[in-house]
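Asks: sequence first, predicted model second:
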Amino acid sequence: MADEALAKAGLHFDELNKIRVLEPEVAQQTRELKEECKDFVDKIGEFQKIVGTFIEMVDNVAKEVEKEKMKAIGARNLLKSIAKQREAQQQQLQAVITEKRMQLERLRIQYDALQKEEGEQNEFLEQLISQK
Amino acid sequence: MRFKTTLQKLPKHSELVSCVGWTSPDELYSGADDHLIIRWNMTTNEQSTVMTLPNDCFPTDMHWFPKSASGMGGKKGASEIFVLTSTDGKIHIINRSGRVEKSTEAHKGAVLSGRWSYDGTALVTAGEDGQVKVWSRSGMLRSTLTQNSIPVYGVCWGPDCDQVLFTNGKQLVIKPLQANAKPSMWKAHDGIILTIDWNPVNNLIISGAEDCKYKVWDTFGRPMYSSTAHEYPITSVAWTPDGELFAVGSFNTLRLCDRCGWSYALEKPNTGSVFNLAWSGDGTQVAGACGNSHVIFANIIEKRLEWKNFEATVTSAKQIQVRNVMNDVVEKLDFRDRIIKVALGFNNLVVATSSQCYVYSIKNWNTPVIFELKEGGVTLIKQAEKHFLMVDGSGVYVFSYDGRLVCSPKHQGMKADMLNAQTLTLNNDTVAIRDKTDEKVVYLFDAQTGKAMGDGKPLMHKVEVLEMALDQCGPATERKLAIIDKNHDLFLTSVRIFGTERKSTKLASMIHMMTWNDETNMLAAMTDGKIFVWYYPNAVYVDAELLPKTVAEKVTSDFGKSPQLLGFIGSHLILRRLEGSLVSTTIAPYPAVLHTFVAASRWEDAVRLCRFVKDDGLWACLAAMATYAKDLNTAEIAYAAIKEVEKVQFINNIKDIPVKEARNAEMALLCGNYTDSESILIQAGLTFRAIMLNVQLYNWDRALELAVKHKTHVDTVLGFRQKYLKRFERKETNKRFLQYSEGIEIDWEKIESKIQMEYQKERERPSGNVGATSGGAGDATKPRSGGRKERA
């Protein structure tokens, strides 16, 4: 009876006969809820951390991918231009070769002239020797 | 010869470089589209920004005020101000520290080119508006020379600063400064001409155009050389100051060419288009303004010189390698400063660096003679056997091989910086310099004293002298100068004259080039398709009839079209073909041997040599030499060998003359110098012979004049005259003879006896009876075949 009267006044006794404002059951449930909530928060936190590192990782990968992509594009362009470059280089080398060839031709002519002169001189010497 | 190029790792400018200019051989200024003017110091390899141009001012061309015209202003010969042309239509005169002294609105649209005249009195500019304008030194407009409808890309001064060359699309135009003079123009290229240069020393023009070719022209617009087409347009050309080489710039291309146009070397540096080229004052390095904001520097290396068995190669800017071909010994010569000029010859190697001169003997490469040079810019070295000559901006100096200054010849109005190998010649005793202002005048100096020769009057040729050369051997009194004039005639002139008139004789026409032999006085000359070698050019003074016989001809068809004659060493002729290869050919070695015999008066050996060779040319040489040396026996043999019967007879007659002077006079007659002959006779007091000489030359007036003057033999002259008239059945018309014949009886017996008396007197002369024989009498009265030619 007394319990009921007390309950009406909003007062309750728990098992240890301490006076309480809440019903012991409710209090029990509340406490449980609190525990669960805490657990939940912890779990969410952990999740967030995991997601965070995941995002970071993905970001890194994205950056890496971007870099590689640029590299690939560059390489592709380089490859395209190398043909042209080679052509220009070839042209330059060709010009140098032509120049050298002309030089060679000049030297060949000089050599021929000198050889001819040598021949003439030898002939002349032989003539001198045979006349004696 | 080739270029050694240097490029900075990173460009100093941030935009296209458009112009470069040297102040001294160690300092360069460059202007670029980033509005900066940068100074490049070559010794310390440092660069500094001199000034920043306004933002709307893009430079197009830069030209430093000529050093020689600035007089004493520039210390150590550095230029003080330069003109900068820009795209905003202005010209700026800026000093070396970067202060703008004057800015003038010059053209509508961009100013494309600006050039100071060589004497520094004027400036010419060309612009996009097609105008060419002449300005005073201070930047005041003097005149607008021309107005074209298209932009003028390049402009240049002529050597004498009295005409201007400029481009007009595909044409080149030379316009004199006089208002009413007609310009000469010619179509030069198939594309727009972008760049031109005109060398004041060799008077040749080079042009480069969008048709990717460069061409060399003379001032009459005749093409001297045309290159094959390059891959890209030619954007710049530049002559070296001495006119021996030029550089050509194009996209990624730098070319070094000979003055004839063929290319020594090609470089393919990574420069972009070379927009502007400038040679340093000493002609050893060239700077190029590159399209990729670099400035390229190129040094000339591997210049090769040959002399006998030595070969000198400039291997780098400060090193020469000398190789003795006979034993393959290689010497490396190192120098403190940059090598500017090298000359090898006459057993010596002369090297001029920017501050010193080194003289090496080929016998000793370890201890050269070294002396300091007052001014660094040596432009020419010429060697002779005993000494060498050096030309720098301020004068001409003769040094002995032990480094002593012998003299420094100078004439009024001499421009030392304009002298070149064609207009200056040297031998052991004489220096000859052609005047720049009047090209007919040649100044002759004694090489020992540096004083003008003889009476100090220069040699005046009839026409402008193009090229001249002194012979290298023989005594100084017989020195001769060979001259090629504007008509391409070859003349031979005596250098030392004593009271008499200068004897100038034409040897040949259509001669392009000539050179004396280094050991004997043989002369080689180049004409179309042939080389002439005069074995004994002096023959023209001895007996002009012999000259054609003493010439050897060599056809040059083996050596391509119009080769150049470079040298005549021993019996080798050195030629350069049109495309640049050196070739050599030989002449018979006998004339050289004959020369040495004659020089030593070994006449018997000379005769033996001629008999061995059995060549008319050689005999003719010997005849001329012997006659010149008055060796009658040899002359007789030689003339006999070439079947000149009348000369032999004449010599025989001379041998019989008892008086020495009379013999000399007769020798002079043999050489065709009857005026000399007469003066010899009169000087020796042999009046009778002088009279008879004129009688035999049918020079009646002179004979009578002499007879009357000396009051002797008037009747003899009259008698001979009468005989002569009778033979041709004519009457006396000469007033003087009519006058004198009055009252003079012609008695032939008396005349004969008088003549006999004269010869008797001659025989009794104390000096005259050396080798005299009795046959002299009456000889002089015989008609003489030898004397006949002078009157013909």
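Replies: Arrived safely.
Asks: B:Ile370 - that's part of a strand, no?
Replies: Yes. B:Ile370: assigned to a strand according to DSSP: H, G, I helix; E, B strand; the rest coil.
Asks: these two touch, right, it and B:Ser355?
Replies: No. The criterion here is C-beta atoms under 8 Å, and B:Ile370 misses it with B:Ser355 at 10.4 Å. C-beta: built from backbone N, CA, C; applies to glycine.
Asks: now list whatever residues contact both of the two.
Replies: Common neighbours of B:Ile370 and B:Ser355 (criterion: C-beta atoms under 8 Å, 6 or more residues apart in numbering or on different chains): none identified.
Asks: and B:Arg688, backbone torsions?
Replies: One correction, residue B:688 is Phe, not Arg. phi -60, psi -50 (degrees, to the nearest 10).
Asks: could you tell me what pLDDT the model assigned to it?
Replies: For B:Phe688, the pLDDT comes out at 82.
Asks: after the lowest-mean-pLDDT helix or strand in chain A comes which helix or strand?
Replies: The weakest-scoring helix or strand in chain A, judged by mean pLDDT, DSSP states H and E, is helix A:2-8 (a mean of 75). Tracing the chain C-terminally past helix A:2-8 and defining elements by DSSP states H and E, one meets strand A:12-13 next.
Asks: which ones are touching the spatially closest residue to B:Val351 that is not a sequence neighbour?
Replies: Nearest residue to B:Val351 in three dimensions, chain neighbours excluded: B:Tyr358, at 4.4 Å (C-beta to C-beta, 6 or more residues apart in numbering or on different chains). Contacts of B:Tyr358 were listed using C-beta under 8 Å, 6+ apart, and they are B:Leu333, B:Phe335, B:Leu349, B:Val350, B:Val351, B:Ala352, B:Pro368, B:Val369, B:Ile370.
Asks: make it 10 Å
Replies: Contact analysis of B:Tyr358 by C-beta atoms under 10 Å, 6 or more residues apart in numbering or on different chains lists B:320, B:333, B:335-336, B:339, B:342, B:349-352, B:368-371, B:403.
Asks: what about stretch B:383-392, start to end distance?
Replies: 15 Å (C-alpha to C-alpha, to the nearest Å).
Asks: of all the residues in that stretch, which ones are buried?
Replies: Using 16 or more other C-beta atoms under 10 Å in any protein chain shown as the burial criterion, the residues of stretch B:383-392 that qualify are B:Gln383, B:Ala384, B:Glu385, B:His387, B:Phe388, B:Leu389, B:Met390, B:Val391, B:Asp392.
Asks: pull the most distant pair out of these.
Replies: For these, with distances taken as C-beta to C-beta, the pair at the greatest spread is B:Glu385 and B:Asp392 (22.7 Å).
Asks: ok, whichever helix in chain A runs longest near chain B or not?
Replies: In chain A, assigned by DSSP state H, the helix with the most residues is helix A:24-131. Yes. Counting by C-beta under 10 Å from any C-beta of the partner chain, contacts between helix A:24-131 and chain B involve A:88-89, A:91-100, A:102-103, A:105-114, A:116-118, A:120-121, A:124, A:128, A:131.
Asks: centroid-nearest residue for chain B?
Replies: In chain B, the C-alpha nearest the mean C-alpha coordinate belongs to B:Gln422, at 2.4 Å (C-alpha atoms, centre = their mean).
Asks: ok, which residues in chain B are in contact with chain A?
Replies: B:2, B:228, B:230-231, B:252-253, B:255, B:262-270, B:558-560, B:571-572, B:574-577, B:579-586, B:588-589, B:612.
Asks: any idea which helix is longest in chain B?
Replies: Chain B, longest helix under DSSP H: helix B:748-764.
Asks: ok, the closest residue to B:Val329 other than its chain neighbours - contacts?
Replies: Closest residue to B:Val329 apart from its sequence neighbours, by C-beta to C-beta, 6+ apart: B:Arg323 at 7.3 Å. Contact analysis of B:Arg323 by C-beta under 10 Å, 6+ apart lists B:Arg304, B:Glu306, B:Asn309, B:Phe310, B:Glu311, B:Ala312, B:Thr313, B:Val329, B:Val330, B:Glu331.
Asks: what about B:Ala179, neighbour count?
Replies: Here the count is done by other C-beta atoms under 10 Å in any protein chain shown, and B:Ala179 has 7 residues near it.
Asks: revised request: answer the last question for B:Arg99.
Replies: B:Arg99: 11 neighbours (other C-beta under 10 Å).
Asks: hang on, the earlier thing: buried subset of the contacts of B:Tyr358?
Replies: Here, 16+ other C-beta under 10 Å leaves B:Ile320, B:Leu333, B:Phe335, B:Ile339, B:Val342, B:Leu349, B:Val350, B:Val351, B:Ala352, B:Pro368, B:Val369 buried among those.
Asks: touching, the last one and B:Tyr401? I think so.
Replies: Yes. In this structure B:Val369 lies within contact range of B:Tyr401 using C-beta atoms under 10 Å: 7.2 Å.
Asks: mutual contacts of those two, please.
Replies: B:Asn348, B:Val350, B:Val359, B:Tyr360, B:Ser361.
Asks: make a ChimeraX selection of the buried ones in those residues.
Replies: Applying 16+ other C-beta under 10 Å to the shared contacts of B:Val369 and B:Tyr401 leaves a buried subset, and the ChimeraX line that selects it is:
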select /B:348,350,359,360
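Asks: show me the shared contacts of B:Val369 and B:Tyr401 that map onto strands.
Replies: B:Asn348, B:Val350, B:Val359, B:Tyr360, B:Ser361 (DSSP state E).
Asks: what's the distance between the residue nearest to the third one when sequence neighbours are not counted and B:Gly450?
Replies: Spatially, and ignoring its direct neighbours in sequence, B:Val359 is nearest to B:Val369 (4.3 Å; C-beta to C-beta, 6+ apart). B:Val369 sits 21 Å away from B:Gly450, going by C-beta to C-beta, to the nearest Å.
Asks: and for B:Gly130?
Replies: 51 Å.
Asks: surely B:Ala421 forms part of a strand?
Replies: No. Counting by three-state DSSP, B:Ala421 falls outside a strand, being coil.
Asks: please list all residues in contact with it.
Replies: B:Val201, B:Asn202, B:Asp242, B:Gly243, B:Glu244, B:Leu380, B:Ile381, B:Lys382, B:Val391, B:Glu467, B:Ala469.
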